[in-house]
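Novice: One predicted model, sequence on top.
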Amino acid sequence: MNTDFRMLPDQASSLAPRVDNLYLFLIGVTTFFTLLIAVLILYFGIKYRRGSRADRTPPHGHFYLLEVTWIVIPFLLTMVMFVWGADIYFDMARPPKNAMEISVVGRQWMWKIQHPDGNAEINELHVPRGQPILLKMISEDVIHAMFIPAFRVKHDVLPGRYVGLWFTATELGEYHLFCAEYCGAKHSEMIGRVVVLEPSDYEAWLRGATAAQPPALAGQALFEQLRCDNCHRGGGEASRGPPLENLFGREVKLQDGSTVIANEDYLRESILRPAAKVVAGYQPIMPSFEGQIGEEGIIHLIAFLKSKSSQQREVQP
């Protein structure tokens with residue numbers, strides 16, 4: 001990481017140059033009109049000062065060209081800003097289909113990160129260069145915000161709801177990771193680092209990191225420990241709960257006649273508050289696991305349920 005003073009942080013992601021170009025355009029437009037207004041104020045202040053012989057005869061008629069000019073030019077400039085910003089925003093909001101999903105849990109005052117193979121980190125995130133990364137994030141307590149300045153990405157991390165943040169790192173090195181939302185007394189200590197490695201070095205790091213169960217396997221163990229398979233037997237008369245095979249991303253019909261997409265938020269709610277959305281044809285007999293399973297356990301259970309889908313359907317983060 002370059003420690004020399006710069007106006008902006010390093011550009012270390014595919015989105016960073018695009019964000020900076022828009023930002024510099026906004027600064028340029030703001031600077032131009034600020035200087036223009038300041039110069040005109042100074043000019044007219046001197047020209048029409050008290051005692052000067054400037055012509056003060058009131059103008060007659062309408063200056064339509066001037067009126068059209070000061071309407072059209074600001075309109076065109078704002079439209080350029082809007083379209084440019086919207087284009088970047090839409091790309092930020094839609095991760096690529098080949099993005100590698102990494103789970104993140106924010107809590108006072110740390111980031112706990114888990115990779116697809118089960119390796120876990122605290123306040124550190126190792127990623128391979130050139131690989132799109134999707135951070136699937138949730139808070140265990142209050143609102144936090146994942147902020148990586150060098151990547152120009154930031155997203156609030158909310159309790160009770162999964163949110164997605166994606167990036168593609170383009171430069172090797174170590175970069176700051178901050179919480180950008182005041183979250184309590186030690187908010188300023190909720191910092192970490194992102195380490196960008198070559199893909200081969202990332203694989204070597206995975207092999208050398210502390211071994212852990214992949215989330216799907218940990219979720220299966222928890223599923224069996226909680227005896228969820230007593231009710232979810234795959235459907236049929238012997239099953240007291242709806243089948244879980246190929247559930248993720250599918251449209252589910254509820255008792256009240258409405259439908260819902262079985263995404264991460266729906267699965268989480270069904271684990272913690274099963275009576276909130278009861279599947280049509282089944283009774284609300286499932287007990288609540290609220291207070292019995294932490295956010296990491298819920299992430300593991302969801303990973304297990306997603307693994308039971310024959311094909312991963314595209315669900316927006």
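Specialist: That came through fine.
Novice: residue nearest the centroid of this protein?
Specialist: Residue closest to the mean C-alpha point of the chain, counted by CA atoms, centre = their mean, is residue 165 at 2.8 Å.
Novice: So for the longest helix anywhere in the chain, what gets flagged as buried?
Specialist: Ranked by residue count under DSSP state H, the longest helix found in the chain is helix 16-47. For helix 16-47, the buried set under the neighbour-count rule, 16 or more other CB atoms under 10 Å, comprises 16, 18-19, 22. From N, CA and C alone the C-beta is placed, and that goes for glycine too.
Novice: Closest one of these to residue 300?
Specialist: Lowest distance from residue 300 to the buried residues of helix 16-47 (CB to CB) belongs to residue 16, with 32.9 Å.
Novice: That closest one: what's it in contact with?
Specialist: For residue 16, the contact set (CB atoms under 8 Å, 6 or more residues apart in numbering) comprises 10, 150-152, 170.
Novice: tell me which residues in stretch 259-276 are buried?
Specialist: Neighbour-count burial for stretch 259-276 flags 260, 262-268, 270-272, 274 (criterion: 16+ other CB under 10 Å).
Novice: What about those, which are in helices?
Specialist: Among the buried residues of stretch 259-276, the members falling in helices (DSSP H) are 264-268, 270-272.
Novice: As JSON lines, the buried residues of stretch 259-276 with distance to residue 106 would be great.
Specialist: Supplementary listing: the buried residues of stretch 259-276 in JSON lines, determined by distance: CB to CB, whole Å:
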{"residue": "260", "distance to residue 106": "26"}
{"residue": "262", "distance to residue 106": "24"}
{"residue": "263", "distance to residue 106": "20"}
{"residue": "264", "distance to residue 106": "16"}
{"residue": "265", "distance to residue 106": "16"}
{"residue": "266", "distance to residue 106": "21"}
{"residue": "267", "distance to residue 106": "19"}
{"residue": "268", "distance to residue 106": "15"}
{"residue": "270", "distance to residue 106": "22"}
{"residue": "271", "distance to residue 106": "19"}
{"residue": "272", "distance to residue 106": "18"}
{"residue": "274", "distance to residue 106": "25"}
